[in-house]
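Q: here is the input, now give the coordinates:
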Amino acid sequence: MTLRDNLLLAREDARDEELWDALDAVGLRPLAERLPHGLDTMVDEAGLRFSGGERHRVALARVLLRDAPVVVLDEPTVGLDPLTERALLDTLLEALAGRTVVMITHHLAGVSAMDRVVFVEDGRIALDGAPEELARTSARYRRLLAFDRGEAG
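A: Residues are numbered from 1 along each chain as shown. The predicted structure follows:
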C-alpha cells in the first residue's frame, strides 16, 4: 500500500491537504516530501521503509485524521528525543482538545496537561488525582516527576 493509503485508513475521505497537515503535525512532512513519489510511495507491509519511530508517528498522524471522541494513546512518544517528544505531545493534545484522551505511558512527559493521573502498580491503583493535586500532596509523585526529568540522583 502507499503512504496515502495507509493514512486514509483513518478517514478515507481526507483530502491531500489534510494528509500533509497530519504528517506535518507529527514531524514527518519533510521525510514524506523526500520519498520518490511522495504520498504515493509504496510502503511495504511491515513498514520497513520507515524506522520504528517514524512508523509510530504515521500511526499518530492517523489518530489526528480520525474524528473519534475517545482516543487511547499507548506510549505515544516512545523512541523520540525530548525536544521532538514535547513538540509532538503539544501538537497531539492541541489537536485532540475536546476529546477524551487516555494516555498509557511509563514516561511522565505531558502529564501536567492531563485532568487526572492514575498510577497502577502491581495491578492496583497506587496514586490517583489531578496532577497539581498530586504535586502538592504526594512526595512519591514529586519524586517520580523529578526522576523522570533526570533531576533525581
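
Q: geometric centre of this protein: which residue is closest?
A: Pro76 (3.3 Å; Cα atoms, centre = their mean).

Q: need the CA coordinates for the lowest-mean-pLDDT helix or strand in the chain. PDB is fine.
A: Least confident helix or strand, the chain: helix 82-95 with a mean of 84, by mean pLDDT, DSSP states H and E. Only the C-alpha atoms of helix 82-95 are listed here, as PDB (Å, rounded to 0.1, in the frame of the first residue of the first chain):
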ATOM      1  CA  PRO A  82      12.900  15.000  24.400                       C
ATOM      2  CA  LEU A  83      12.500  18.000  22.100                       C
ATOM      3  CA  THR A  84      10.500  16.000  19.500                       C
ATOM      4  CA  GLU A  85       8.600  14.400  22.300                       C
ATOM      5  CA  ARG A  86       7.500  17.700  23.800                       C
ATOM      6  CA  ALA A  87       6.500  19.200  20.400                       C
ATOM      7  CA  LEU A  88       4.600  16.100  19.400                       C
ATOM      8  CA  LEU A  89       2.700  16.000  22.700                       C
ATOM      9  CA  ASP A  90       1.800  19.600  22.400                       C
ATOM     10  CA  THR A  91       0.500  19.100  18.900                       C
ATOM     11  CA  LEU A  92      -1.400  15.900  19.800                       C
ATOM     12  CA  LEU A  93      -3.000  17.500  22.800                       C
ATOM     13  CA  GLU A  94      -3.900  20.600  20.900                       C
ATOM     14  CA  ALA A  95      -5.400  18.600  18.000                       C
END
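
Q: in that helix, which residues are buried?
A: Glu85, Leu88, Leu89, Thr91, Leu92, Leu93, Ala95 (16 or more other Cβ atoms under 10 Å). Every residue, glycine included, has its C-beta placed from N, CA and C.

Q: which secondary structure elements does that helix contact?
A: Judged by 3 or more Cβ pairs under 8 Å, 6 or more residues apart in numbering; DSSP states H and E, helix 82-95 is in contact with helix 16-25, helix 52-65.
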